[in-house]
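Asker: show me how the following folds:
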Amino acid sequence: MTTVLAPMEGEAVGLAAVPDPVFSAGMVGPGMAIDPLRGPGKAVAPIAGKIMKLHPHAYVIVGDDGRGVLVHLGIDTVQLKGRGFQLLATEGDRVSAGQPVVAWDPAVVEAGGRSPVCPVVALDALSADVTRVVEGAVQAGDELFTWE
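Answerer: Coordinates of the predicted model:
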């Protein structure tokens with residue numbers, strides 16, 4: 001069992017609330033999303049493991065059990081080409097759960113006409129494997145869901 005933590009403070013919502021059909025339909029995988037607190041902040045590692053992919057707008061951390069979790073900072077934020085994001089870690093780094101990975105400002109993303117909602121997805125998981133889902137207000141590092 002893997003406990004996936006909220007990567008930032010905000011409101012935990014279902015993936016159906018993500019304004020991108022690839023995420024909202026669960027095509028990337030099951031999980032949750034966070035509508036982040038507006039203002040500068042840091043996105044943290046949702047699990048302990050190795051950073052396998054790291055872009056300014058998204059990262060994948062794979063735990064020692066081989067399970068990967070994707071955190072996508074906002075929707076269509078790849079178009080920003082890194083503007084407004086600061087990497088706090090490097091691809092290949094080992095991180096502990098709750099360790100800051102990217103600094104960003106959801107208000108800047110929103111001001112640019114994009115959604116700052118952040119999908120947090122259990123990669124290669126079945127919907128039935130994601131349980132104990134939390135909805136409502138969360139702090140960075142709070143339990144978001146369990147991956148059975």
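Asker: hang on, Arg38 in a helix?
Answerer: No: when the secondary structure is assigned by DSSP: H, G, I helix; E, B strand; the rest coil, Arg38 falls in coil instead of a helix.
Asker: thought it was touching Pro116?
Answerer: Yes: judged on Cβ atoms under 8 Å, Arg38 makes contact with Pro116 at a distance of 7.3 Å. (Each C-beta comes from the backbone N, C-alpha and C, glycine too.)
Asker: bridge partners for the residue nearest in space to the middle of the chain, pull those for me.
Answerer: By Cα atoms, centre = their mean, the mean C-alpha position of the chain lies nearest to Val71, the distance being 2.5 Å. Val71 has the following beta-bridge partners by DSSP bridges: Tyr59, Val120.
Asker: that one touches Pro7, doesn't it?
Answerer: Yes: with contact defined as Cβ under 8 Å, Val71 and Pro7 form a contacting pair (4.8 Å).
Asker: shared neighbours, those two?
Answerer: When contacts are counted by Cβ atoms under 8 Å, 6 or more residues apart in numbering, Val71 and Pro7 have Ala43, Pro46, Val101, Cys118, Val120 as shared neighbours.
Asker: now do the second one against Gly63, distance only.
Answerer: Plainly put, Pro46 is 10 Å away from Gly63 if you go by Cβ to Cβ, to the nearest Å.
Asker: who are the packing partners of the one helix or strand Lys53 maps to?
Answerer: Element membership of Lys53, judged by DSSP states H and E, is strand 49-55. Helices and strands touching strand 49-55, by 3 or more Cβ pairs under 8 Å, 6 or more residues apart in numbering; DSSP states H and E, are strand 58-62, strand 94-95.
Asker: and those, which is most packed in?
Answerer: strand 58-62 (a mean of 21; mean count of other Cβ atoms under 10 Å).
Asker: so which bits of the lengthiest helix in the chain are buried?
Answerer: Criterion DSSP state H: the longest helix present in the chain is helix 106-111. Neighbour counts using 16 or more other Cβ atoms under 10 Å place Pro106, Ala107, Val108, Val109 of helix 106-111 among the buried residues.
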